[in-house]
Each structure stands twice: as structure tokens, then as C-alpha cells.
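1. how does the following fold in three dimensions:
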Amino acid sequence: MATLTDFDEWLDGAVPSDMVEDVYALYEAVDGETEFAQYKAVRAANGQLLVSYGEGSDWLRLATNDAKEGFLRRIGGRYVAEGGMSVGAWYIMHQSMASDD
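-> Predicted coordinates for the structure are as follows:
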């Protein structure tokens, strides 16, 4: 199990597809510094935020609050990219579209 700091490298393993539920769960776990679905964000004793996506997964190390905020922005930029829409609003939009089918 490695500890990574490269957002995109970690995201390639953590969210292998553009599953709306996975993107939303990851965002919520990191933003709330909690567990959400398969994602877990915990503060280490040294104050760094560590994020994992399951048993035996690589950890993402967010050394500062600025790194955390940058990672949250990267999630939005990589998966949402719909005119600055928040991840939460994007998730609700997709849920609504799915229920219309």
C-alpha cells in the first residue's frame, strides 16, 4: 500500500469509471473527513488528511487544508465540469435524470 500525493494518479485507481455515485461519495468523504461508501478520509496525528478507497488501496495524502481544497476542486473539474456546478448539484441532476428514464 503506497501513499500518493498526485491527485490524478490516485483518482485513476479510486474512481475507475465516471460512476456518479462514486464521485459523490468520494467528495462527501473528503469534504466531511469521514467514511462514505467505500471511501474513508481520516486525520493523522500530524494533521494530514489521508484518503483511501478500500481494503489494501493506496492512500492519498493531503498535507494541508489547501491541498484538501485543491483536491475537492480537482474532483469537480475532472468529473463535473458542467459550468462550475457543485458536485452535490451535479449528483442531484444525475439522480433526477435517472429517475426520469
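2. what's near enough to touch the residue nearest to residue 14 when sequence neighbours are not counted?
-> Excluding its sequence neighbours, the residue lying closest to residue 14 (C-beta to C-beta, 6 or more residues apart in numbering) is residue 53, at 4.2 Å. All C-beta spots, glycine's among them, are computed from the backbone N, C-alpha and C. Under the criterion of C-beta atoms under 8 Å, 6 or more residues apart in numbering, the neighbours of residue 53 are 13-15, 26, 38-40.
3. ranking the residues you listed by neighbours, who comes first?
-> Within the contacts of residue 53, most neighbours by other C-beta atoms under 10 Å means residue 26, with 27 neighbours.
4. middle-most residue in the chain, spatially?
-> residue 26 (3.2 Å; C-alpha atoms, centre = their mean).
5. show me where this structure has strands.
-> All strands of the chain, identified by DSSP state E, fall at 3-4, 35-36, 39-43, 49-52, 59-62.
6. most tightly surrounded among these?
-> Most buried of the strands of the chain, by mean neighbour count (mean count of other C-beta atoms under 10 Å): strand 59-62, with a mean of 21.
7. strand partners (parallel or antiparallel) of that strand?
-> Applying DSSP bridges, strand 59-62 is found paired with strand 3-4 (parallel), strand 49-52 (antiparallel).
8. export only the CA atoms of the longest one, formatted as CSV.
-> Listed in CSV are the C-alpha atoms of strand 49-52, where the atom choice follows Å, rounded to 0.1, in the frame of the first residue of the first chain:
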residue,chain,number,x,y,z
LEU,A,49,-5.7,14.1,5.8
LEU,A,50,-5.4,10.6,4.5
VAL,A,51,-7.9,9.2,2.0
SER,A,52,-8.4,5.6,1.0
